[in-house]
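>>> Model the following, please.
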Amino acid sequence: MYEQTCLCALYPGQWRAYADQLHRWLVPGGRLFALFMQSLRPGAAEGYIQGPPYHCDVHAMRALLPESKWAWPKPPYARTAHPSGLAELAVVLERR
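Numbering: from 1, shown residues only. The predicted structure follows:
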């Protein structure tokens, strides 16, 4: 399954339901090819949630898609340029 710009377009309050659905869609051993949008904004330091696109901090993604359900590769993760001028972290997860 390929995930690009869907997660970052959803309000973060909807991420849990989306992550649970991704897990249901894939069979054990299935792979999730994810590009996590890196769009950290200045207001984040004060707790503002700004977007879309919403920043997909890799540590937040690890909490959202935990090791108990997904096998994560070791960092560092490839950083790829996005046409918007932002960047994405490329990660391939395997469903447990």
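>>> pretty sure residue 78 is touching residue 58, no?
No: in terms of CB atoms under 8 Å, residue 78 does not count as a neighbour of residue 58; the distance is 11.9 Å. The way it works is simple: take the backbone N, C-alpha and C, and place the C-beta from them, glycine included.
>>> Identify the contacts common to the two.
residue 89 (CB atoms under 8 Å, 6 or more residues apart in numbering).
>>> more neighbours, these two?
residue 58 (15 against 10; other CB atoms under 10 Å).
>>> How many residues are close by the residue nearest to the more buried one when sequence neighbours are not counted?
Using CB to CB, 6 or more residues apart in numbering and skipping residues adjacent in sequence, the residue nearest residue 58 is residue 89, 5.8 Å away. Neighbour count for residue 89, taken as other CB under 10 Å: 19.
>>> How about the helix or strand containing residue 89, which residues are buried there?
Assigned by DSSP states H and E, residue 89 falls within strand 87-95. Within strand 87-95, the residues that count as buried by 16 or more other CB atoms under 10 Å are 88, 89, 91, 93, 95.
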